[in-house]
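Peer 1: Model the structure of this input:
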Amino acid sequence: MKKKIAVFTTGWCSEILSQFLTGMQKSLIKEKVDIFLFLCYPTYIDTPAIKRGELNIFSLPDLRNFDGVVIFGSGLDFHNIIENIINRSKEAGIPVIIQGAKHEGTHYVGSDNYVATIEMCEHLFKKHDAHKIIFFAGTEDSMDSELRLKAVKDYLEANNCSENLIDVVYTKWENAAVTRYINAFCKENRQLPDVFICANDGLAMETCISLNNNGYIVPDNVLVTGYDFIDDSQIFDPSIASVDQCFTKMGREAGSTWLRLISSQESEKNSDGSGTSNTIESDSHIISCEFIPGESCNCYQYRNSDKIRRRVGREAFSKRAMTTYFNRKLNLIDSTVLSCLTYQEFKTSLSQLLTENHDYEGDSFHILLEKSFGLSIYDPNIKLRKYGYSKYMEVLYSTEDGVIYENEQFPSQELIPGYNPEGPNHLYVFLPLHEADEAYGYIIFRDCMDKVENHFLQSYQSRMGLVFDKFRHALSLDLMNKRLLEVMNRDPLTNVNNRIAYENKIKNIQAEINNNIYQHFAIAMFDVNNLKLVNDNNGHDAGDEYLNRACHLICNIFKHSPVFRIGGDEFVAILTGDDYDNYEEQLEEMKHLMSPYTNKLPLPDNYISIACGIAVYDPDIDKVALDTAKRADELMYKNKTAMKSKIN
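Peer 2: Have a look, this model is predicted:
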């Protein structure tokens, strides 16, 4: 049976994350191990609710079902989340390896940012005579960023020029923060530093763009450096002078460290039967980094950026084609979901779409939903979960190795429907589906390193969450409107249609008449006799009971036609179908079931007396539908007069 490693991080540092995971996979290639990557995309500017909704995916796995945990700290700066994962791992008795930031009780794998930054400063000072520095940092609690900043400060202090650090700007890893700072800097006509040192390549590239937008050229007017040595920064113009942190090597070391820990744990278990990682002392493994000069620091001889640019140029067409296909697929999902009128139609249509076309998703792809997602559409009192996931999830779509999972429900702690613990090694990626902090479910991709690297997963996840949310709210609003319309059109006493509904029905009939659609209908007008007599002598409750008895009789006789209460004691039925064909016989049956008309007290128990007039629509007589209603009303009053005359 394969072992399982849970990896936790966010996906914004996609290129270095894919390098790290590739390194892990290479170190484990001879072992039977699956990597379960729990991935999300929160940002520092997100609302607390959105952050909770994204980070909730980390609560999904029961770590007692895993053999180890790796935290990719370069992409995960939420310390409370990291502590939670570490504590859960300790409770499960499994080893924890953390990259990028040391934590007590964990095994650390990192890179020597400090020495590489000293090398960078040495190069800038001696090669380019660049002394005055502005440092674009990440966050104050980022170990990597703070270590790089410390190295700059230490170098300046060692050279007796600490004042050369003009400014330290905490960007929270947001490129927009760089743009705002440089725009304000240039607007104030401040003197440029010799170099902008940026805590990652993304900030460095944004610095070059923002400076260029303000009329300054890198490296002619000012130098720029970064960190991570990602592909985008290598093909950027100018190519970014950067520190290669060797994330593939770090991934290899993380995998190798886990293998040593597991081997030690199993040896201990064989010797004394315990086998917990708590007995293994924490250790650190540091990978050497290398500063690589580039065009952004005015060094053109250190690497051939043009070769990389040509390679990327060759790949641009296929990437553009894939992006076009991907966007079309997302648009198709949008239109499919948003055209659905019921939750069942939503499930059926989306499942059918993915069954027929899952080239992008692959033969191993899963969408699991909270059962409360669908229920909450129809009942606003049902609330969605805001932490964790339900014990059982609803399977919206699930296929593993091309085999469709047939059950409608799936236990969330098993994570993957149809999972094969004996097959080849795989990388599974888990992404949250949510709106703010309300959990909708989760998505699983398999063996999708390219999608991790190019942010397609983030686009897919966010678009899927958005369209699910639009569908849910649109259907909820539609149902609410229908309920309100039903309330508006319903008589609260008798529960039949009211006058508003009657007037709308007449308008619809008239519209069809106007469109030369021949109508076969009749209108029956009813007036309940002696309602005032009952109210005055027995009270309004008795009057209400009398109205309900009368209404019940009308509905039972003309059971195939809509009945409307249009006044205090007035009802109308629009007769079609069998009621239209047999209205004379039904009217006789109604008269047979009524009480004899009387105005003498006390009235008999279950007394019902109703005057009625029925007129059949005749296009030769009735110019409009209301003419038929008017004739029925006249016949009803004649009937009422006749009924009264019988007791005189």
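Peer 1: any idea which element the residue nearest the centre of the chain lies in?
Peer 2: The centroid of the chain falls nearest to G465 when counting by CA atoms, centre = their mean (2.1 Å). Per DSSP states H and E: G465 is located in helix 456-488.
Peer 1: contacts for the next helix or strand after that helix?
Peer 2: Next in sequence after helix 456-488, counting helices and strands by DSSP H and E, comes helix 499-514. Contact with helix 499-514 is made by 488-490, 497, 519, 521, 562, 564-567, 572, 574, 619, 624-626, 629, as judged by CB atoms under 8 Å, 6 or more residues apart in numbering. The way it works is simple: take the backbone N, C-alpha and C, and place the C-beta from them, glycine included.
Peer 1: For T399, grab phi and psi.
Peer 2: Backbone geometry at T399, expressed as degrees, to the nearest 10, gives phi -140, psi 130.
Peer 1: A177 now?
Peer 2: Per degrees, to the nearest 10, the backbone of A177 is at phi -70, psi -40.
Peer 1: which one is D622 nearest to, not counting chain neighbours?
Peer 2: Distances taken as CB to CB, 6 or more residues apart in numbering put T628 closest to D622, at 4.8 Å, once the chain neighbours are dropped.
Peer 1: Can you give me every residue that contacts the one you found?
Peer 2: By CB under 8 Å, 6+ apart, the contact set of T628 is 521-523, 615-618, 622.
Peer 1: In helices, which of the contacts of helix 499-514 appear?
Peer 2: 488, 625-626, 629 (DSSP state H).
Peer 1: Give me the buried subset of those residues.
Peer 2: Among those, the ones that count as buried by 16 or more other CB atoms under 10 Å are 625-626, 629.
Peer 1: got TSV for the residues you listed, with distance to Q510 too?
Peer 2: Output for those, formatted as TSV (distance: CB to CB, whole Å):
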residue	distance to Q510
A625	5
L626	8
A629	11
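Peer 1: Who is I71 paired with across the strands?
Peer 2: F8, I98 (DSSP bridges).
Peer 1: Count residues in the vicinity of it, would you?
Peer 2: Residues lying near I71 (other CB atoms under 10 Å) number 26.
Peer 1: Residue ranges in the chain under the pLDDT threshold?
Peer 2: Residues of the chain that meet the criterion pLDDT under 70 lie in 268-281, 301-305, 315, 518, 648.
Peer 1: can you give me the strands for the stretch 301-450 of the chain?
Peer 2: 365-370, 392-400, 403-404, 409-411, 427-435, 438-446 (DSSP state E, counting those that start in this stretch).
Peer 1: Dump these into TSV; add distance to K591 as well.
Peer 2: What follows is those, written out as TSV (distance: least, CB to CB, whole Å):
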stretch	distance to K591
strand 365-370	57
strand 392-400	55
strand 403-404	62
strand 409-411	57
strand 427-435	60
strand 438-446	59
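Peer 1: and D67, which of these is closest to it?
Peer 2: Among these, strand 427-435 comes nearest to D67, with 14.6 Å by CB to CB.
Peer 1: helices or strands up against that closest one?
Peer 2: Applying 3 or more CB pairs under 8 Å, 6 or more residues apart in numbering; DSSP states H and E, we find strand 427-435 packed against strand 33-40, helix 48-55, strand 438-446, helix 449-453, helix 456-488.
Peer 1: give me that answer again for 6 Å
Peer 2: If you count contacts as 3 or more CB pairs under 6 Å, 6 or more residues apart in numbering; DSSP states H and E, strand 427-435 packs onto strand 33-40, strand 438-446, helix 456-488.
Peer 1: and it, which strands flank it?
Peer 2: Sheet partners by DSSP bridges: for strand 427-435, these are strand 33-40 (parallel), strand 438-446 (antiparallel).
Peer 1: could I have it exported to CSV, CA atoms only?
Peer 2: C-alpha atoms of strand 427-435 as CSV (Å, rounded to 0.1, in the frame of the first residue of the first chain):
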residue,chain,number,x,y,z
LEU,A,427,0.1,14.1,-7.2
TYR,A,428,-3.4,15.0,-6.1
VAL,A,429,-4.3,18.7,-5.8
PHE,A,430,-7.2,19.8,-3.6
LEU,A,431,-8.8,23.2,-4.1
PRO,A,432,-11.7,24.8,-2.1
LEU,A,433,-15.0,25.8,-3.6
HIS,A,434,-16.6,28.6,-1.5
GLU,A,435,-18.3,32.0,-1.4
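Peer 1: what's next to that strand, contact-wise?
Peer 2: Here strand 427-435 makes contact (CB atoms under 6 Å, 6 or more residues apart in numbering) with 35-40, 53-54, 56-57, 440-448, 461, 465, 469.
Peer 1: hmm, which of those residues are the buried ones?
Peer 2: Of the contacts of strand 427-435, these count as buried by 16+ other CB under 10 Å: 35-40, 53-54, 56-57, 440-446, 448, 461, 465, 469.
Peer 1: first to last residue in stretch 562-575, what's the distance?
Peer 2: Distance between the boundary residues of stretch 562-575 (CA to CA, to the nearest Å) amounts to 8 Å.
Peer 1: Going by neighbour count, list what's buried in it.
Peer 2: Residues of stretch 562-575 classed as buried: 562-566, 569-575 (neighbour count, 16+ other CB under 10 Å).
Peer 1: Residues contacting the helix or strand containing H592, please?
Peer 2: Here H592 sits within helix 583-593, counting by DSSP H and E. Helix 583-593 has contacts (CB under 6 Å, 6+ apart) with 522, 557, 575, 614.
Peer 1: show me the contacts for the first one.
Peer 2: By CB under 6 Å, 6+ apart, the contact list for A522 reads 575, 580, 583, 614, 616.
Peer 1: Quickly list what it is bridged to.
Peer 2: Per DSSP bridges, the residues bridged to A522 are L575, V616.
Peer 1: Would you mind measuring from it to E570?
Peer 2: 17 Å (CB to CB, to the nearest Å).
Peer 1: before we move on, back to that, compare the strands of the stretch 301-450 of the chain and report which one is nearest to K646.
Peer 2: Closest approach to K646 among those (CB to CB): strand 392-400, 65.8 Å.
Peer 1: Include distance to V403 when you put the strands paired with strand 427-435 into JSON lines, please.
Peer 2: Formatted as JSON lines, the strands paired with strand 427-435 follow (distance: least, CB to CB, whole Å):
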{"stretch": "strand 33-40", "distance to V403": "17"}
{"stretch": "strand 438-446", "distance to V403": "13"}
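Peer 1: That's all I had, so thanks and see you.
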